[in-house]
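J.: No letters, just coordinates:
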């Protein structure tokens, strides 16, 4: 097949680490498009893979910014990264890991296009702007756009930002982006 027209989507989770997926992609010299869910970004960058796109949609006010390295973190009081397996490295030496990620995202930010839902928190938006990531916005679909009282249509008419199905999670949104947009 034509590699230039291909894409790989990387979502966070145990298989990303157990299968050495990122190392395999790097070792293979893959030349197609790489799309990462926000939770996979840290693993990709630590392994030397700079994705072309990162998709984000979760509105949590503080957690999601950590996937991009949070310069505003003073202490780690939330145990979210210690109790989940999306990227186990994020829960070890959290402040040090956060600082390393800040440096990686700052270095590679201009080369990564952020595909951001209008639902993301200001902390994510500000962090990605700080890292000079080009941001491309989309509205999630909330309901039937064609219904007379559609919330999705009302939001679109307010901000004129394209709408996209999210599938309810960032991995599904990345797939829809790859298939429907790219």
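T.: On my side now, so go ahead. All figures in this text were calculated on a predicted structure; none of them were measured in a lab. Residues are numbered from 1 along each chain as shown.
J.: For the chain, just list every one of the strands.
T.: For the chain, the strands defined by DSSP state E occupy 7-10, 33-37, 53-56, 113-117, 135-140, 163-164.
J.: In JSON lines, list these along with mean neighbour count, mean pLDDT and distance to residue 100.
T.: Where you see a C-beta, it was placed from the backbone N, CA and C, and this is true even at glycine. JSON lines is the format used below for the strands of the chain (neighbours: other C-beta atoms under 10 Å; pLDDT from 0 to 100; distance: least, C-beta to C-beta, whole Å):
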{"stretch": "strand 7-10", "mean neighbour count": "19", "mean pLDDT": "96", "distance to residue 100": "19"}
{"stretch": "strand 33-37", "mean neighbour count": "24", "mean pLDDT": "97", "distance to residue 100": "17"}
{"stretch": "strand 53-56", "mean neighbour count": "27", "mean pLDDT": "98", "distance to residue 100": "17"}
{"stretch": "strand 113-117", "mean neighbour count": "21", "mean pLDDT": "98", "distance to residue 100": "20"}
{"stretch": "strand 135-140", "mean neighbour count": "18", "mean pLDDT": "97", "distance to residue 100": "23"}
{"stretch": "strand 163-164", "mean neighbour count": "18", "mean pLDDT": "94", "distance to residue 100": "32"}
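J.: Next, format those strands as TSV and append distance to residue 24.
T.: Below are the strands of the chain laid out as TSV (distance: least, C-beta to C-beta, whole Å):
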stretch	distance to residue 24
strand 7-10	10
strand 33-37	12
strand 53-56	20
strand 113-117	23
strand 135-140	28
strand 163-164	29
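J.: of all those, which lies closest to residue 170?
T.: strand 33-37 (4.3 Å; C-beta to C-beta).
J.: From the rest of the structure, what touches that closest one?
T.: Residues outside strand 33-37 that contact it (C-beta atoms under 8 Å, 6 or more residues apart in numbering) are 6-12, 25, 44, 49-56, 115, 170-171, 174, 177-178, 182.
J.: Alright, that wraps it up for me.
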